[in-house]
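# coords below, sequence missing:
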């Protein structure tokens, strides 16, 4: 969050993002992104994170979420 704030990046869903969410819901999957996922995507789209680093950070974020459950 601090990096996104520092570089002035925020998540703005694209048409594709909304389409994927709709298809996922229609398929009966309950996969949903949270604000951290969204910011990581926005940082990668803005070129502030590489796709590889974004993926690693998303995985680490979800592992941390599971550890707290």
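Everything's here; your move. Remember, it's a predicted structure, so these values are computed and weren't measured experimentally. Residues are numbered from 1 along each chain as shown.
# what's the distance between the nearest residue to residue 36 once chain neighbours are set aside and residue 52?
On the basis of C-beta to C-beta, 6 or more residues apart in numbering, the spatially nearest residue to residue 36 that is not a chain neighbour turns out to be residue 61, at 5.3 Å. Yep, even glycine has a C-beta here, placed from its N, CA and C like the rest. Look at residue 61 and residue 52: by C-beta to C-beta, to the nearest Å, they are 15 Å apart.
# compare neighbour counts for those two and give me the winner.
residue 61 (14 against 9; other C-beta atoms under 10 Å).
# need the contact list for that one.
Contacts were defined as C-beta atoms under 8 Å, 6 or more residues apart in numbering; by that measure residue 61 touches 36, 37, 40.
# and it, how far from residue 23?
Using C-beta to C-beta, one obtains 23 Å as the distance from residue 61 to residue 23.
# and the spatially most central residue of the chain, what's its pLDDT?
Among the residues of the chain, the one closest to the centroid is residue 37, at 2.3 Å (C-alpha atoms, centre = their mean). In the prediction, the pLDDT value recorded for residue 37 is 95.
# just residue 31 next, same as before
As summarised for this prediction, residue 31 has a pLDDT of 76.
# any idea how many residues pack against it?
Here the neighbour count serves as a burial measure; for residue 31 (other C-beta under 10 Å) it reads 9.
# i'd like the first residue to be 48 from this point on
I'll keep to 48 as the first residue from here, and by that count the last item is residue 78.
# quick one: the helices in the protein?
If DSSP state H is used as the criterion, the helices of the chain fall at 49-54, 62-73, 82-92, 98-114.
# please identify the most buried of those helices.
Looking across the helices of the chain with neighbours counted as mean count of other C-beta atoms under 10 Å, the highest average goes to helix 82-92: a mean of 18.
# and residue 114, how far from residue 48?
When C-beta to C-beta is applied, the distance between residue 114 and residue 48 equals 19 Å.
# and residue 65, by the same measure?
Between residue 65 and residue 48 the distance, using C-beta to C-beta, works out to 23 Å.
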